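Provided below are the primary sequence and the corresponding predicted coordinates.
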Amino acid sequence: MRYTEAKEHTPGRLHALFADPYNAFENDTDERQLHLHIALYLLLARPMERSLMTLRVIHGWENGGFEPADLQHVDYAIKTVADFKRAVKDFTQASKDNVAFPADEDALLEAPLDDAIANAEADGQTLDAETRTIPARWPAFEGGLALYTLFKMYHRLVYGEDEAYRCTQCYTADGLREMHEFHLEEGEFALLVPTGKHFASEPSMLVLHESQLDPIERLLEESLPLFQDF
């Protein structure tokens, strides 16, 4: 088991800006809106300007379900708010037409989980049914802690979370990322950004549940133009 695969509640890029990032976005915090605008500019607008941002819309889990095979997603390259609006339009149209939401073929959790289990068994590790199927048991095999950390992020984005903000470091398919989760009255989303000097050259990702497309669209329309002249 590699505990370096992921670390929760770690210092991230926002710790260089705010004395207490974990309380910077609480509803009763002074200048909360300013904190949110600054965070969006640093973690979202800058990578968008560099053509390094991908929007990932997740869907498929509902009514408390969390089977890895049921979690679907679709990715969009976003450089502008107009690109985000195209994703909103796709999902709105699918709802109106009563057809399945857009989905990419690659599985977010199921395929990497199967690969990690297969690798563990190839190395001689015996995994019982509970270890295979219960997410909290996944850290028992290599790669499982990172998958469990991502699973928890997706679960919180689908079903909600009490903490307004959290920062986690986790290895993803793109490499080590800071996972900045926001669970706010404006909407719920996560921004996965590279660490350190890699921030300016490696890809970042905005992740949200399809139900958050409309509120996050409004948030981006209000926030991102504020920094266009800076």
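Thanks, I have it.

Run through the helices of the chain in chain order.
Assigned helices in the chain, in chain order: 32-40, 46-49, 81-97, 110-122, 129-133, 144-159, 213-223 (criterion: DSSP state H).

Apart from its chain neighbours, what residue comes closest to residue 208?
Counting by C-beta to C-beta, 6 or more residues apart in numbering, residue 189 is the residue found nearest to residue 208 once chain neighbours are left out, at 4.2 Å. To be clear about C-beta, it is placed using only N, CA and C from the backbone, and glycine gets the same treatment.

To clarify, my last question referred to residue 137.
With C-beta to C-beta, 6+ apart as the measure, residue 131 is the residue that lies nearest to residue 137, at 4.3 Å, once sequence neighbours are left out.

rewinding a little: which of the helices of the chain is buried the deepest?
When you average the neighbours per residue for each of those (mean count of other C-beta atoms under 10 Å), helix 144-159 leads with a mean of 21.

tilt between that one and helix 110-122?
Helix 144-159 runs at 160 degrees relative to helix 110-122, counting by axes from the mean of the first three to the mean of the last three C-alpha atoms, to 10 degrees.

tell me which strands and helices helix 144-159 is in contact with?
Contacts of helix 144-159 with other secondary structure elements, assessed using 3 or more C-beta pairs under 8 Å, 6 or more residues apart in numbering; DSSP states H and E, are made with strand 6-8, strand 53-59, helix 110-122, strand 165-172, strand 175-184, strand 187-194, strand 204-209.

Look at the residue lying closest to residue 32 once chain neighbours are set aside and report its pLDDT.
By the measure of C-beta to C-beta, 6+ apart, the closest residue to residue 32 outside its immediate chain neighbours is residue 25, 6.1 Å from it. If you check residue 25, the pLDDT there is 95.

Show the low-confidence segments of the chain, by residue range.
Within the chain, the segments meeting pLDDT under 70 span 1-3, 229-230.

cutoff 80 now
Low-confidence segments of the chain, defined by pLDDT under 80, are located at 1-3, 227-230.

Kindly report which residue of it is located farthest from the centre.
Within the chain, residue 124 marks the point farthest from the mean C-alpha position, 32.8 Å out by C-alpha atoms, centre = their mean.

Tell me how far that one lies from residue 7.
With the distance defined as C-beta to C-beta, to the nearest Å, residue 124 ends up 28 Å from residue 7.

Same check on residue 207?
In this view, residue 207 and residue 7 are 19 Å apart by C-beta to C-beta.
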